[in-house]
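[1] let's see this in three dimensions:
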Amino acid sequence: METRPGRPDGFTVIEVVAAVTVLMIALLGAALLFENGIIVSGNTRNRVVAAQLASQAMETIRGTAADPTKFTSITEGQTVWTQTVNGVKYTITQDAQFTAQGSQQSTCDAPGNASGYILAVNEKVIWSGMAGTQPVQQTTDLAAPVGAYNASSGSIAVKVFDSNGALNPNINIQISGPATQTQQTTGEGCAFFPYLPVGTYTVKVIEGTGVGDQEVVAPAQTTSVSVGQTAALQFNYDNPATISITGWTGSVATPASGIPISVSNTGLQPYGQYSYAAGTTTLSPLFPYASGYTVFAGNCTDNNPVGKDTNRNPFYPSAAATPLDVNPSQNTPTGVTLYDVAVHVQNSLAAPVAGATLTAPETTSYGTPNTAVCTTGTANGTAPTLGLVTTDASGNSTTAMPLGHFTIKAHAGAKNGAVNIWVKPDAVYAVDANGNATTAFGGPITVVVS
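    Predicted coordinates for the structure are as follows:
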């Protein structure tokens with residue numbers, strides 16, 4: 001055998017390494033192709049199962065819809081369940097909602113004729129390890145069979161929004177009256193109750209985890225159902241916000257006792273505020289208004305820095321209260337502003353009275369426009385009576401108080417005295433018989449007991 005000059009027979013190490021490298025690249029490519037083939041094969045098999053599950057769910061609801069005695073039992077809204085096949089978990093989501101015939105809109109947006117509704121159903125199936133594969137979906141429209149409903153009926157359409165005005169899905173709505181039903185809102189925030197017996201119904205949000213825009217956990221409305229008509233209602237409902245009171249601000253004096261706490265927002269009806277009992281430090285549940293809340297001491301409309309009188313004019317036109325931002329499911333801390341009120345108690349001989357007991361009942365009985373309305377929650381409440389600091393040896397007392405009209409009452413033994421005042425953001429004022437502010441006190445308020 002002839003050999004090449006200067007080179008031994010066989011392969012060099014470099015040639016062997018290169019050959020092995022090429023072989024490994026080829027084997028890796030083949031392995032990847034094999035793996036992809038397995039994935040594609042597995043996804044194809046899973047997709048076939050998903051299609052069968054979607055068809056099974058669709059046939060079940062079609063069978064129910066074909067029976068006049070069962071059609072009304074179909075649950076409108078979104079229903080989710082799971083099923084495991086060959087070790088793979090499949091999630092089936094059924095979305096059913098009534099729509100007007102020939103309309104692509106929700107019944108809450110285009111209610112149409114109350115006797116011409118069809119049930120639009122969508123079945124969607126997903127599974128674990130989809131690896132980017134699209135879900136399996138099937139859609140159909142189901143008409144009510146003859147005999148399913150009384151022609152002398154009407155409907156209720158309920159639409160739910162969150163605090164940002166967005167549609168709020170999966171919220172449980174219950175109606176009670178001549179018929180009682182419960183549904184979840186669809187992805188369009190709509191719960192539609194068709195073919196109802198005529199009469200008066202109470203419609204309530206029974207989700208239980210949120211709060212309505214009037215600070216009610218289960219907000220309710222009353223409506224009437226008429227033949228061939230759809231009663232349309234709207235709720236604002238969201239996860240609650242919380243405000244924590246960290247203490248008093250704006251004053252260095254001892255705060256009065258018995259001060260309620262309130263929050264203010266123009267969305268709260270009828271007076272724009274909601275109140276809590278004295279001593280409350282956690283204000284919850286609160287609807288998370290995007291415009292936030294003004295938090296203030298007191299529970300009457302003239303305690304509110306943005307409150308309005310009976311002529312609907314601001315009590316404090318120059319007040320610049322900055323709303324406190326709140327968010328769903330979050331806590332926001334804040335202090336509450338009070339104002340120093342200095343009082344001097346003396347007898348008819350101008351001698352100071354030590355140890356005099358001072359109280360300050362809220363005065364709400366002035367005529368228009370200074371009549372104040374006090375609230376407890378969403379209802380009218382009782383005007384508070386605040387306890388002030390007892391006078392010292394010099395007959396003096398300084399107490400931190402809310403804004404508003406008050407009667408400072410002094411009691412010393414058998415002797416009593418009283419002065420009407422209005423605590424405003426800039427000063428404490430004397431008032432006339434109608435509650436109008438007259439002269440600002442330049443020093444302590446003098447109360448003569450006799």
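
[2] now for whichever helix or strand Val158 is part of, which elements pack on it?
    Assigned by DSSP states H and E, Val158 belongs to strand 153-161. Contacts defined by 3 or more Cβ pairs under 8 Å, 6 or more residues apart in numbering; DSSP states H and E place strand 153-161 against strand 172-176, strand 190-197, strand 199-205, strand 220-225, strand 230-238. Just so you know, the C-beta spots here come from the backbone N, C-alpha and C atoms, and that holds for glycine as well.

[3] and of those strands, who's closest to Lys415?
    Among these, the nearest to Lys415 by Cβ to Cβ is strand 220-225 (52.7 Å).

[4] which neighbours in the sheet does that closest one have, and how are they oriented?
    Sheet pairing here is set by DSSP bridges, and for strand 220-225 it gives strand 199-205 (antiparallel).

[5] what comes up buried for the partner strand?
    201, 203-205 (16 or more other Cβ atoms under 10 Å).

[6] ok, now stretch 141-161?
    The neighbour-count check on stretch 141-161 (16+ other Cβ under 10 Å) flags 142, 144, 148-149, 153-161 as buried.

[7] please apply the same query to stretch 204-221.
    Those would be 204-205, 207, 210-213, 215-216, 219, for stretch 204-221 by 16+ other Cβ under 10 Å.

[8] what about that stretch, average pLDDT?
    Across stretch 204-221, the average pLDDT comes to 96.

[9] that stretch: end-to-end distance?
    Stretch 204-221 has an end-to-end distance of 6 Å (Cα to Cα, to the nearest Å).

[10] list the contacts of it.
    Identification of contacts with stretch 204-221 by Cβ atoms under 8 Å, 6 or more residues apart in numbering yields 160, 163, 171-176, 182, 202-203, 233, 235-240, 267-269, 274, 285-287, 289, 377-378.

[11] which helix or strand in this structure has the lowest average pLDDT?
    Every helix and strand of the chain was ranked by mean pLDDT, DSSP states H and E. The lowest is helix 13-66, at a mean of 73.

[12] now the very next helix or strand once past it: how far from the chain's centre is it?
    Next along the chain after helix 13-66, taking DSSP H and E as the criterion, comes strand 77-85. Strand 77-85 sits 28 Å away from the centroid of its parent chain (Cα atoms, centre = their mean, to the nearest Å).

[13] state the mean pLDDT of strand 77-85.
    Averaged across strand 77-85, the pLDDT comes to 88.

[14] check which residues of it are buried.
    So for strand 77-85, counting by 16+ other Cβ under 10 Å, buried means 77-78.

[15] swap in stretch 357-367?
    Quick answer for stretch 357-367 (16+ other Cβ under 10 Å): 357-360, 362-364, 366.

[16] how about Phe235: which residues does it bridge to?
    According to DSSP bridges, beta-bridge pairing links Phe235 with Val160.

[17] so the strand holding Val158 versus strand 230-238, what angle?
    Put simply, strand 153-161 runs at 20 degrees to strand 230-238, going by axes from the mean of the first three to the mean of the last three Cα atoms, to 10 degrees.

[18] what mean pLDDT does stretch 162-177 get?
    Mean predicted confidence for stretch 162-177 is 95.

[19] what about that stretch, distance to the chain center?
    Per Cα atoms, centre = their mean, the centroid offset for stretch 162-177 relative to its chain is 11 Å.

[20] ends of it, how far apart?
    With Cα to Cα as the measure, stretch 162-177 spans 26 Å from end to end.

[21] just to check, Lys159 is in contact with Gly165?
    No - Lys159 is beyond contact range of Gly165, at 11.4 Å (criterion: Cβ atoms under 8 Å).

[22] can you tell me how far Thr363 is from Gly129?
    Per Cβ to Cβ, to the nearest Å, Thr363 is found 71 Å from Gly129.

[23] then Pro68?
    For Pro68, the distance to Gly129 - Cβ to Cβ - is 42 Å.
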